[in-house]
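*Asks:* What would the 3D arrangement of this be:
(chains A and B)
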Number of protein chains: 2
Amino acid sequence: MFLAVVVGSYVASRSLPQLLELSLSFITAYCLNGSSMVINDIIDKEVDKINDPLRPIPSGRISVKAAIIYGGFLGLAGLFASCITGIGTLIVAIIFYAIANAYNVWLKPLGIIGNVAVSLAVVAPFLYGSVLMLGTISMKVLILGLLAFLANMGREVIKGMVDIEGDALRGVASIARIYGSRKAAVIGAGFILTAVILSPLPTFLGMLGWTYLLLVCFADIGFVYSAIKILLDPTHVKARKVKRELLAWMSIALIAFIIGA
Amino acid sequence: MFLAVVVGSYVASRSLPQLLELSLSFITAYCLNGSSMVINDIIDKEVDKINDPLRPIPSGRISVKAAIIYGGFLGLAGLFASCITGIGTLIVAIIFYAIANAYNVWLKPLGIIGNVAVSLAVVAPFLYGSVLMLGTISMKVLILGLLAFLANMGREVIKGMVDIEGDALRGVASIARIYGSRKAAVIGAGFILTAVILSPLPTFLGMLGWTYLLLVCFADIGFVYSAIKILLDPTHVKARKVKRELLAWMSIALIAFIIGA
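*Replies:* Here you go, the predicted model:
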């Protein structure tokens, strides 16, 4: 998450925040992420008693009360650190934190709505970096965010094909569970191919140069390859592979944005 | 791997290879990596029959003979693509490919020697990128490679704490299995802290500026935090977490090199 803040800052402004601002975003990223993980552990207490009894709460090492205090403290510390750099970063932090907790509490079982929440949470730190540097979300970072959102949506839908059994236990209505693996592959690949089609936008709009376009082409080749793979063989085994491959292509696309910026 | 070639090229020269050269390294990275994966599957045939019977070779979908032909073809194609860009890149490719296959065939059970082979294979694509651009390995990329090697060594040793049971089955003499988890934590943390101590070098040698130093400090904070964590509690559960955290800090350090370059 902190990494995405750094990338967002750099893509927006071709420079980095001052040491103080960078440290504050480090604290914000660490605390808000930590807080939503603690809240997740509190909510998953009953499921973890069966699936993961060694975790701090089900094993009794940490009481629910202590976890609530710790999670609340982390959340407040994260928001406090973000408000020092301004009202803009505070607003982005609050929105991200609200989405992350809404996901923990309500949205996780809702299939694609849950996927949207996770993907927004992935994009938020890029936007945070832009707001930190410019006070606003630059067009470059907005497109970076849109592409990251689409690619991540595709990855989440395909991930649902891998997690079918676990999701059945938890009652998550993922696309793969409700409509079957074949439809999930089509929808997942659809998100990814949409990202591929939109990926040359920054160059055509004159925001990023040919270096970006050249590099993103290689990410696109990877994305298309993985999309075809999962469409031809929409199975559990293939989805596990494709899920990993997609992370690699997403990293190449990110490097394209950084080097091209 | 292709990503590391791109990063190595950029850090060495602050520019990217031409489209043709970039495409050839894409093919080299893809084919050599693929080839060593196929060879690994051929060698692990007997183990996979028990642990992973659905893989192509143990399930009988692909015969050993076909796999040998396919693996050999990929290897030759990868080396051929690298020789087009010159004798330098061919040499790096051959060395990398030899290490990867030596690991598959002999070095995997040898504990720390296996870790060295894996870490060299992680570093090789950075060097490849530098040789591609400059015909030689730049000092910047050499230090990047050294730091990546040390951090990855630490991660591999700590990974051995997670894989203790699987390694017992395969007869891998990892540090964690031979000397116990506590010693593995000390050795793993030692590698990581050495990388941390050396990380300001590029700035002190005048090769990278303050941007790099600022960013790498955040990676260093993460590395020290993870090292302390595993030293205080050298258990299986903690090693699994630290192994993941280390990847995040390594990504921040890589971004520090790219943005600082």
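*Asks:* so where do the helices sit in chain A?
*Replies:* With DSSP state H as the criterion, chain A has helices at A:2-13, A:19-43, A:45-51, A:64-84, A:87-102, A:112-134, A:139-162, A:164-170, A:175-179, A:181-198, A:201-204, A:210-232, A:236-260.
*Asks:* Next, format those as CSV and append mean neighbour count.
*Replies:* Yep, even glycine has a C-beta here, placed from its N, CA and C like the rest. Shown next, in CSV, are the helices of chain A (neighbours: other C-beta atoms under 10 Å in any protein chain shown):
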stretch, mean neighbour count
helix A:2-13, 24
helix A:19-43, 20
helix A:45-51, 13
helix A:64-84, 17
helix A:87-102, 19
helix A:112-134, 23
helix A:139-162, 24
helix A:164-170, 13
helix A:175-179, 19
helix A:181-198, 20
helix A:201-204, 16
helix A:210-232, 20
helix A:236-260, 20
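*Asks:* now those in TSV, with mean pLDDT and distance to chain B?
*Replies:* Below are the helices of chain A laid out as TSV (pLDDT from 0 to 100; distance: least, C-beta to the nearest C-beta, whole Å):
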stretch	mean pLDDT	distance to chain B
helix A:2-13	92	5
helix A:19-43	92	6
helix A:45-51	77	13
helix A:64-84	93	14
helix A:87-102	94	17
helix A:112-134	95	12
helix A:139-162	95	14
helix A:164-170	83	15
helix A:175-179	92	19
helix A:181-198	96	16
helix A:201-204	94	14
helix A:210-232	94	6
helix A:236-260	93	5
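*Asks:* how is chain A carved up into domains?
*Replies:* With domains defined by automatic domain parsing, chain A comprises A:1-135, A:138-261.
*Asks:* Quick check, A:Asn152 in contact with A:Ala121.
*Replies:* No: counting by C-beta atoms under 8 Å, A:Asn152 stays clear of A:Ala121, with 9.2 Å between them.
*Asks:* which residues does the spatially closest residue to A:Ile84 that is not a sequence neighbour contact?
*Replies:* Nearest non-adjacent residue to A:Ile84, counting by C-beta to C-beta, 6 or more residues apart in numbering or on different chains: A:Leu24, 5.5 Å away. Applying C-beta atoms under 8 Å, 6 or more residues apart in numbering or on different chains, we find A:Leu24 in contact with A:Ala81, A:Ser82, A:Ile84, A:Thr85.
*Asks:* Torsion angles phi and psi at the residue of chain A most remote from its centre?
*Replies:* Going by C-alpha atoms, centre = their mean, the residue of chain A most distant from its centre is A:Gly60, 30.6 Å out. Phi and psi for A:Gly60, reported as degrees, to the nearest 10, are phi 80, psi 0.
*Asks:* Could you report the pLDDT at it?
*Replies:* If you check A:Gly60, the pLDDT there is 79.
*Asks:* quick one, what contacts A:Leu132?
*Replies:* With contact taken as C-beta under 8 Å, 6+ apart, A:Leu132 is in contact with A:Val5, A:Gly8, A:Ser9, A:Pro17, A:Glu21, A:Ser25, A:Thr85, A:Gly86, A:Gly88, A:Thr89.
*Asks:* Leaving out sequence neighbours, find the closest residue to A:Met153.
*Replies:* A:Phe191 (4.3 Å).
*Asks:* Was I right to think that neighbour contacts A:Gly154?
*Replies:* Yes: counting by C-beta under 8 Å, A:Gly154 is a contact partner of A:Phe191 at 3.5 Å.
*Asks:* hang on, the earlier thing: just give me the closest of the contacts of A:Leu132 to B:Leu247.
*Replies:* Within the contacts of A:Leu132, the smallest distance to B:Leu247 is 17.5 Å, found for A:Val5 (C-beta to C-beta).
*Asks:* shouldn't the closest one be in contact with A:Val131?
*Replies:* No: here A:Val5 lies out of contact with A:Val131, judged by C-beta under 8 Å, at a distance of 10.0 Å.
*Asks:* Redo the domains of chain A as a markdown table? Include distance to B:Gly180.
*Replies:* Output for the domains of chain A, formatted as a markdown table (distance: least, C-beta to C-beta, whole Å):
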| stretch | distance to B:Gly180 |
| --- | --- |
| domain A:1-135 | 20 |
| domain A:138-261 | 32 |
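*Asks:* just so I know, which of these lies nearest B:Asp233?
*Replies:* domain A:1-135 (11.9 Å).
*Asks:* Show the end-to-end separation of the closest one, please.
*Replies:* Chord length of domain A:1-135, first to last residue, is 19 Å (C-alpha to C-alpha, to the nearest Å).
*Asks:* Run the chain-centre distance for that domain.
*Replies:* 11 Å (C-alpha atoms, centre = their mean, to the nearest Å).
*Asks:* Kindly report the same for stretch A:231-245.
*Replies:* Put simply, stretch A:231-245 sits 20 Å off its chain's centre (C-alpha atoms, centre = their mean).
*Asks:* Contacts for that stretch next, please.
*Replies:* The contact list for stretch A:231-245 (C-beta under 8 Å, 6+ apart) reads A:155, A:158-159, A:161-162, A:164, A:181-182, A:184-186, A:189, A:222, A:225-226, A:229-230, B:54.
*Asks:* so how many other residues sit close to the residue of the stretch 51-200 of chain A at minimum distance from chain B?
*Replies:* As assessed by C-beta to the nearest C-beta, chain B sits closest to A:Leu54 within the stretch 51-200 of chain A, at 6.4 Å. By other C-beta atoms under 10 Å in any protein chain shown, 11 other residues sit near A:Leu54.
*Asks:* For it, report the pLDDT, please.
*Replies:* Confidence at A:Leu54, expressed as pLDDT, is 77.
*Asks:* quick one: it from A:Arg61, how far?
*Replies:* Distance, A:Leu54 to A:Arg61, using C-beta to C-beta, to the nearest Å: 9 Å.
*Asks:* for A:Val122, same thing?
*Replies:* From A:Val122 to A:Arg61 the distance is 30 Å (C-beta to C-beta).
*Asks:* and what of A:Gly160?
*Replies:* For A:Gly160, the distance to A:Arg61 - C-beta to C-beta - is 32 Å.
*Asks:* Please apply the same query to A:Asn51.
*Replies:* Distance from A:Asn51 to A:Arg61, by C-beta to C-beta: 17 Å.
*Asks:* Check A:Val5 too.
*Replies:* When A:Val5 is compared with A:Arg61 (using C-beta to C-beta), they lie 31 Å apart.
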